[in-house]
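> sequence isn't available, so here's the structure alone:
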């Protein structure tokens, strides 16, 4: 068993989290996760004005998106695993402090070099929220209900880029592109004002099943107040849990263990499929500001509004898929004579979790591939604007399904290290996204829109047999990993 793996209790944090607190945690997790993809895309509508101000080409400014995505791949490897070891709260607060400073710097800088450096710093600060978002959900949910909650997190990941471009278009049109960074700085400040006093620590390694009081650095102001009140209540004395002691030295995140996850036989193929689908989605989103602007003679605001159908589709897709994931889990459980236990959590070692998750992939995956291919031909065909907007809606609806399904399965397969496995997915996803963003315009220039998106759609389709492979042999590989590591994903 890996020395850095600490066995986690099966009991979710129901003993300390009321239904209302769980809802609050989901809202804050979704809000926190929102920042990374939102920041990546908010200035897409202003890429042309930025290029003009700096006397650079659009491709040069697109490199700032690539830089952002490179750091989005690397930073979570450190922060995700660190959050499994020292807790979620310290990592959240450190990340948002970096993010806030970077946004202020971006709003005030006046050089292309500073833009590139600060975008990397901005990405470093907020990119870990995606990995930690899935980890927080895993902290306080059972596998029977996890799909619905993780779908909400995935919805924010899918919804954020489209909303960001709409907001970015409005801000750029009326207040100038620098206002986009002030907007993000203000939003980050609001998040911290709510997070610091009210959001409790959830990491199992820190609070167990809720019976362990977190260290001071991990404790929210509200939890500290409740502990103080309990200790000084003379009329109703209460036993206060002993506070967890943290090591004096900051633990070193096991980056190698995070990287090696992608080479697991059941994990690698799924990450490849998801990463290719993310790359295709970014390849759709990034050139919109240019092709829509030229094709329909739109300004920044009008370009930004064209992202709304994708946003709406992402929300619709995530809501539907979240309900389907929980329903299918219960259906599979009943089919093998088990009752989904929403209180304790099922023993996934004996449960066909691959079947419960992956059986839902195919309809949404095929629609997503079809919509990506259609986008390339529709957007330059000169047809009514309604046609490309409908295609964007379908891309949003269909793409959210595979993301929600496969991300939920990754957490199910690594319940002891949800931050680590999520950061590994970030590595592959962001790497492929950066590559796609960097080359898509060159592909379009060489092949045209139609053949570029036909190629991307067929690339995703070529990776889809990985679902069948993992569904068939995944349980055996999962058991082999259990025997090798001494625990589920240890």
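Sure thing, it's come through. Source: prediction; values computed, not measured.
> any weak-confidence spans in this protein?
Applying pLDDT under 70 to the chain picks out residues 1-17, 162, 209-211, 227-248, 250, 340-347, 486-490.
> so which residues of it form strands?
Taking DSSP state E as the criterion, the chain carries no strands.
> how many neighbours does the closest residue to residue 372 other than its chain neighbours have?
In space, not counting the residues next to it along the chain, residue 372 is nearest to residue 457; the distance is 4.4 Å by CB to CB, 6 or more residues apart in numbering. Yep, even glycine has a C-beta here, placed from its N, CA and C like the rest. Residue 457 has 21 neighbouring residues, counting by other CB atoms under 10 Å.
> let's number from 48 now, not from 1
Okay, using 48 as the starting number, the last item reads as residue 504.
> gap between residue 504 and residue 405?
21 Å (CB to CB, to the nearest Å).
> what's the answer for residue 159, then?
To residue 405, residue 159 is 45 Å away according to CB to CB.
> neighbour count winner among those two?
The neighbour count for residue 159 versus residue 405, taken as other CB under 10 Å, is higher for residue 405 (23 against 18).
> OK, contacts around the more buried one?
Applying CB atoms under 8 Å, 6 or more residues apart in numbering, we find residue 405 in contact with 452, 456, 514, 517, 518.
> over to residue 151?
Residue 151 is in contact with 228, 232, counting by CB under 8 Å, 6+ apart.
> residues in contact with the residue nearest the centre of the chain?
The chain has residue 177 as the residue nearest its centroid, 3.6 Å off, counting by CA atoms, centre = their mean. Contact analysis of residue 177 by CB under 8 Å, 6+ apart lists 80, 83, 84, 123, 204, 469, 473.
> my guess is residue 377 meets residue 189, correct?
No. Using CB atoms under 8 Å as the test, residue 377 is too far from residue 189 to be in contact (11.8 Å).
> looking only at neighbour counts, state which of those two leads.
It is residue 189, of residue 377 and residue 189, that has more neighbours when counted by other CB under 10 Å, with 21 against 17.
> excluding sequence neighbours, find me the nearest residue to residue 153.
That would be residue 228: by CB to CB, 6+ apart, it lies 4.2 Å from residue 153.
> my read: the one you found touches residue 148, true?
No. Counting by CB under 8 Å, residue 228 does not reach residue 148; the two are 11.4 Å apart.
> compare these two and say which one has the larger neighbour count.
For residue 228 versus residue 148, the count of surrounding residues by other CB under 10 Å is larger for residue 228: 24 against 16.
> what distance do you get for that one to residue 259?
Counting by CB to CB - residue 228 and residue 259 are separated by 40 Å.
> sorry, back to before: check contacts around the residue nearest to residue 419.
Taking CB under 8 Å, 6+ apart as the contact definition, residue 504 lies against 327, 416, 417, 419, 420.
> tell me the helices in the stretch 398-537 of the chain, going along the chain?
Counting by DSSP state H, counting those that start in this stretch, the stretch 398-537 of the chain has helices at residues 400-405, 408-425, 433-460, 465-494, 496-510, 512-532.
> to the chain's geometric centre, what's the distance from stretch 315-333?
From the chain centre to the centre of stretch 315-333 is a distance of 13 Å (CA atoms, centre = their mean, to the nearest Å).
> meant to ask about stretch 233-242, not that
Computed by CA atoms, centre = their mean, the chain-centroid distance of stretch 233-242 equals 19 Å.
> list the contacts of that stretch.
Under the criterion CB under 8 Å, 6+ apart, residues 75, 78, 79, 82, 139, 140, 143, 146, 147, 150, 173 lie in contact with stretch 233-242.
> go again with 10 Å.
The set of residues external to stretch 233-242 that reach it, using CB atoms under 10 Å, 6 or more residues apart in numbering, is 71, 74-75, 78-79, 81-82, 85-86, 136, 139-140, 142-151, 172-173, 176, 246, 267.
> narrow those to those in helices?
Members of these lying in helices (criterion: DSSP state H): 71, 74-75, 78-79, 81-82, 85-86, 136, 139-140, 142-151, 172-173, 176.
> and these, which are buried?
Neighbour counting by 16 or more other CB atoms under 10 Å classes 71, 75, 78-79, 81-82, 85-86, 136, 139, 142-143, 145-151, 172-173, 176 among the ones in helices among the contacts of stretch 233-242 as buried.
> surely residue 108 meets residue 101?
Yes. Proximity of residue 108 to residue 101 meets the contact threshold set by CB atoms under 10 Å, at 7.5 Å.
> okay, those two: which has more neighbours?
Just comparing residue 108 and residue 101: by other CB under 10 Å the higher neighbour count belongs to residue 108, 23 against 15.
> how far away is the residue nearest to residue 419 from residue 418?
The gap separating residue 504 from residue 418 is 8 Å, by CB to CB.
> now the longest helix anywhere in the chain: how far from the chain's centre is it?
Using DSSP H to define each element, the chain has its longest helix at helix 190-222. Chain-centre distance of helix 190-222: 10 Å, with CA atoms, centre = their mean.
> and for stretch 470-481?
10 Å.
> same check on stretch 408-428?
Centroid displacement of stretch 408-428 relative to its chain, using CA atoms, centre = their mean, is 22 Å.
> so which bits of it are buried?
Across stretch 408-428, burial judged by 16+ other CB under 10 Å covers 408, 411-412, 414-427.
> and if you look at stretch 99-107?
In stretch 99-107, counting by 16+ other CB under 10 Å, buried: 103, 107.
> what do you get for stretch 242-257?
Buried-residue list, stretch 242-257, by 16+ other CB under 10 Å: 242, 246, 247, 248, 249, 250, 251, 252, 253, 254, 255, 257.
> what about the fourth one, distance to residue 263?
This points to residue 248. Counting by CB to CB, the separation of residue 248 from residue 263 is 11 Å.
> over to residue 462?
Taking CB to CB, one finds residue 462 at 28 Å from residue 263.
> which of these two has more neighbours?
A count of neighbours by other CB under 10 Å puts residue 462 above the other of residue 462 and residue 263, at 22 against 9.
> that one contacts residue 456, doesn't it?
No. Between residue 462 and residue 456 there is no contact, the gap being 11.4 Å when judged by CB under 10 Å.
> which neighbours do the two have in common?
Taking CB under 10 Å, 6+ apart as the criterion, residue 462 and residue 456 both touch residue 193.
> check contacts around the closest residue to residue 112 other than its chain neighbours.
Nearest non-adjacent residue to residue 112, counting by CB to CB, 6+ apart: residue 484, 5.1 Å away. Shown in contact with residue 484 (CB under 10 Å, 6+ apart): 87, 109-110, 112-116, 326, 329-330, 332-334.
> okay, these in a markdown table with neighbour count next?
Listed next are these as a markdown table, based on neighbours: other CB atoms under 10 Å:
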| residue | neighbour count |
| --- | --- |
| 87 | 27 |
| 109 | 22 |
| 110 | 18 |
| 112 | 22 |
| 113 | 18 |
| 114 | 21 |
| 115 | 26 |
| 116 | 25 |
| 326 | 25 |
| 329 | 25 |
| 330 | 25 |
| 332 | 24 |
| 333 | 24 |
| 334 | 21 |
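> take those residues and keep only those in helices.
Going by DSSP H, the helices hold 87, 109, 110, 112, 113, 114, 115, 116, 326, 329, 330, 332 from the contacts of residue 484.
> and the spatially closest residue to the first one that is not a sequence neighbour, how far is that from residue 90?
The reference is to residue 87. Spatial nearest neighbour of residue 87, excluding adjacent residues (CB to CB, 6+ apart): residue 115 at 5.5 Å. Distance from residue 115 to residue 90, counting by CB to CB: 10 Å.
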